[in-house]
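1. could you work out the structure for the sequence below:
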Amino acid sequence: MNTASIRALEREILDDIPLARAIDLRIAAADGDMLTLAAPLGPNINDKGCAFGGSLASLLTLAGWSLLSLRLRTAGEDCDVYVQDSHLRYLAPVWGDLAATARLAEGEDWKSFFGMLASRGKGRLRVIASVPGENGAPATTLEARFVALRRAANVGAA
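-> Numbers count the residues shown, from 1 in each chain. So this is what the prediction gives:
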């Protein structure tokens, strides 16, 4: 992935989503098949001293959204991306800085997604994301379906 594209997406997220600024989100890594968002514990702490559940949910959702958005931009596609549905599991507290890594769910592939987008002007894709806990095992997981709609296809659809 192009570093300039990654930084441009990060800047857009921070400019357009106030919550992203509040949780101090950063894109830590991206390679086209996975993307990791990071945020320090400080602004995301709860009353028990561990990560706030809302921050974890937001970071995981944004990791999936960012993975899809970055891949679309790299392919030259101008799309709006939405989370359609998601399932979140809190398995253990997160006592340190947050790092949410997103990748395609099992059985999903970019070729099918881009084929659907080409033929229909929209595509759906399931993404899995997780934040590790102290022992490296997933502490919080998200499985979500995202939808991408070509902006030209959205004209008059409102």
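2. drop to CA atoms for contacts and neighbour counts, all remaining ones
-> Will do.
3. list the helices and strands the longest helix along the chain packs on?
-> Using DSSP state H to define each element, the chain has its longest helix at helix 53-74. Here helix 53-74 touches helix 3-16, strand 34-39, strand 79-90, strand 98-104, strand 122-132, strand 138-150, going by 3 or more Cα pairs under 8 Å, 6 or more residues apart in numbering; DSSP states H and E.
4. got the buried residues for the first one?
-> Right, helix 3-16. 6, 9-10, 13-14 (16 or more other Cα atoms under 10 Å).
5. residue 34: which of the residues you listed is nearest?
-> Of all the buried residues of helix 3-16, residue 6 has the smallest distance to residue 34: 12.3 Å, by Cα to Cα.
6. can you tell me the closest non-neighbouring residue to residue 128?
-> Of all residues not flanking residue 128 in the chain, residue 143 sits nearest, at 4.5 Å (Cα to Cα, 6 or more residues apart in numbering).
7. what distance do you get for that neighbour to residue 87?
-> Separation of residue 143 from residue 87 (Cα to Cα, to the nearest Å): 5 Å.
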